[in-house]
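**Q** Quick one: sequence plus predicted model below, questions after.
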Amino acid sequence: MATPDTPRLLLLGSDGQVGWELCRTLAPVGQVIAASLGGVHGPAVDLADAASVRRLFAETGPDAVINAAAYTAVDRAESEPEVAMAINGDALALIGQLAAEAGIPVVHYSTDFVFSGDTDRPYREDDPAEPRSVYGQSKLAGERALLDSGATALILRTAWVYGVRGSNFLLTMLRLFRERPELRVVEDQIGTPTWSRMLAEVTAQVLYRAFRGDLDLRKHQGLYHVTSGGATSWFGFAEAIRDASCLQCKVLPIPTSEYPAPAPRPAYSVLDTHEFHATFGLTLPDWRQSLALCLADLQR
């Protein structure tokens with residue numbers, strides 16, 4: 001039986017880029033039960049299968065749930081809306097229900113794709129969510145289902161996540177810089193690159209304080225924006241990666257119209273993170289500082 005000093009933390013999506021980091025940052029907080037679709041480092045779970053989710057909860061008896069699992073194939077979701085909704089939307093209703101029944105908190109990650117991108121200032125948590133893609137619609141459905149479930153829920157909206165593992169913009173650029181003399185990268189989409197390690201770090205700190213009794217999550221539950229500081233375009237991000245990694249490749253800016261994709265992207269999706277800082281006293285570093293730290297990890 002877990003004690004307040006050794007809470008059982010059920011981590012869903014432990015094999016993803018955020019989940020992989022959470023396995024490490026949550027280890028000092030409690031006993032991490034690392035669940036994933038493949039069940040490589042712990043129990044297997046399929047969020048699209050309600051019986052699988054119920055069985056996992058019954059077998060593990062967690063004291064908190066951290067959901068880093070998601071359907072993230074943004075373009076493929078346009079042709080697989082049912083699958084995206086089952087994992088990103090319907091599963092959250094069940095997770096919230098089970099957590100509410102057990103009286104345990106849930107931490108969940110959402111996305112800037114819930115916004116249309118038709119603005120020129122950072123989005124606040126109370127701004128209208130108007131997703132234009134199936135992926136964004138499914139993530140918004142998950143947010144609402146979890147908030148309506150009755151569970152103590154902490155939803156962290158983030159954006160442009162990258163890291164040392166998985167499939168992400170940073171690793172793709174590093175590979176292409178080595179393969180090609182020239183790259184064309186979109187310059188009219190603006191957002192904030194966010195290192196997965198930083199998301200995992202602040203999650204662990206919040207949960208540590210909650211289990212110590214220094215923070216009542218029931219009083220501070222809800223929706224928060226969490227990204228690195230600053231903003232750039234995909235073109236600017238690519239240039240920064242190239243320069244910081246000392247690789248030789250010409251990077252050319254292009255408009256979104258020259259890089260068509262099945263799913264529309266928000267043209268501007270910078271998130272206002274003041275509420276998260278005001279509530280928890282935590283602020284992620286500027287995106288350039290985080291990029292430098294991440295690249296140092298990759299070099300090692």
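**A** Noted; the coordinates are in hand. All of these numbers come straight from a predicted model, not from anything done at the bench.

**Q** Could you list the buried residues of stretch 38-48?
**A** By 16 or more other CB atoms under 10 Å, the buried positions in stretch 38-48 come out as 41-43, 45-48. Glycine gets a C-beta too; all of them are placed from N, C-alpha and C.

**Q** Closest to Arg242 out of the residues you listed?
**A** Of all the buried residues of stretch 38-48, Arg242 sits closest to His41, with 33.6 Å by CB to CB.

**Q** Tell me where the model's unsure across the chain.
**A** Low-confidence segments of the chain (pLDDT under 70): 1-4.

**Q** Please tell me I have it right and Ile241 contacts Leu171.
**A** No. Applying CB atoms under 8 Å as the test, Ile241 and Leu171 come out as separate, 9.8 Å apart.

**Q** Out of these two, name the residue with the larger neighbour count.
**A** The residue with more neighbours, out of Ile241 and Leu171, is Ile241; 24 against 17, by other CB atoms under 10 Å.

**Q** what residues are up against the more buried one?
**A** Taking CB atoms under 8 Å, 6 or more residues apart in numbering, we find Ile241 in contact with 170, 173-174, 177, 291, 295.

**Q** again, but for Gln289
**A** Listed by CB under 8 Å, 6+ apart, Gln289 has no contact partners.

**Q** For the residue nearest the centre of the chain, give its distance to Ala68.
**A** The residue lying closest to the centre of the chain (CA atoms, centre = their mean) is Tyr109, at 4.6 Å. Per CB to CB, to the nearest Å, Tyr109 is found 6 Å from Ala68.

**Q** Show the contacting residues for the residue of the chain most remote from its centre.
**A** Largest separation from the mean C-alpha position in the chain: Pro181, at 31.9 Å (CA atoms, centre = their mean). Counting by CB under 8 Å, 6+ apart, Pro181 makes contact with 249-250.
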